[in-house]
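**Q** Generate coordinates for the sequence data below:
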Amino acid sequence: MAATDTLRTAEALTEAGVPERQAAAHARSIKDAVGDLVTREYLDSGLAELEARMLRVLLVQTGVIVGAVVALLKLIP
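**A** Below you'll find the predicted structure:
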């Protein structure tokens, strides 16, 4: 999940002229607001898992289809 560095955010706001207490409050609010966002790495790992599952399903389906075709060919005189 996304990580927000509140200290760095507060420091940047303070350097821009925002009072320290207000900068800290803004930083906490920003962290709360973006806390449910995901990172690129998180999405990439999820996609990799999904691809692996889909490949397994595709291989099983292919095996079943090939097996069914072979069985049907053996039934045809």
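**Q** can you tell me the helix or strand for residue 23?
**A** In this assignment (DSSP states H and E), residue 23 forms part of helix 20-34.
**Q** Okay, buried residues for that helix please.
**A** Buried residues in helix 20-34, counted by 16 or more other CB atoms under 10 Å: 23, 24, 27. In short, each C-beta sits where N, CA and C put it, glycine included.
**Q** Tell me who's in contact with the second one.
**A** Which is residue 24. By CB atoms under 8 Å, 6 or more residues apart in numbering, the residues touching residue 24 are 6, 10.
**Q** same thing but at 6 Å, please
**A** Listed by CB atoms under 6 Å, 6 or more residues apart in numbering, the contact set of residue 24 reads residue 10.
**Q** How about the last one?
**A** Applying CB under 6 Å, 6+ apart to residue 27 gives the contacts 6, 9, 10.
**Q** For residue 62, give its distance to residue 55.
**A** Distance, residue 62 to residue 55, using CB to CB, to the nearest Å: 10 Å.
**Q** Going by secondary structure, the spatially most central residue of the chain is in what exactly?
**A** Centroid-nearest residue in the chain, with CA atoms, centre = their mean: residue 43, separated by 2.2 Å. Element membership of residue 43, judged by DSSP H and E, is helix 40-75.
**Q** Check which helices and strands that helix sits against.
**A** Helix 40-75 sits against no helix or strand, with contacts defined as 3 or more CB pairs under 6 Å, 6 or more residues apart in numbering; DSSP states H and E.
**Q** Tell me how far that helix lies from the chain's centre.
**A** Computed by CA atoms, centre = their mean, to the nearest Å, the chain-centroid distance of helix 40-75 equals 22 Å.
**Q** can you check stretch 28-48 too?
**A** Stretch 28-48 sits 8 Å away from the centroid of its parent chain (CA atoms, centre = their mean).
**Q** Quick check: end-to-end length of that stretch?
**A** Start to finish, the residues bounding stretch 28-48 are 33 Å apart (CA to CA, to the nearest Å).
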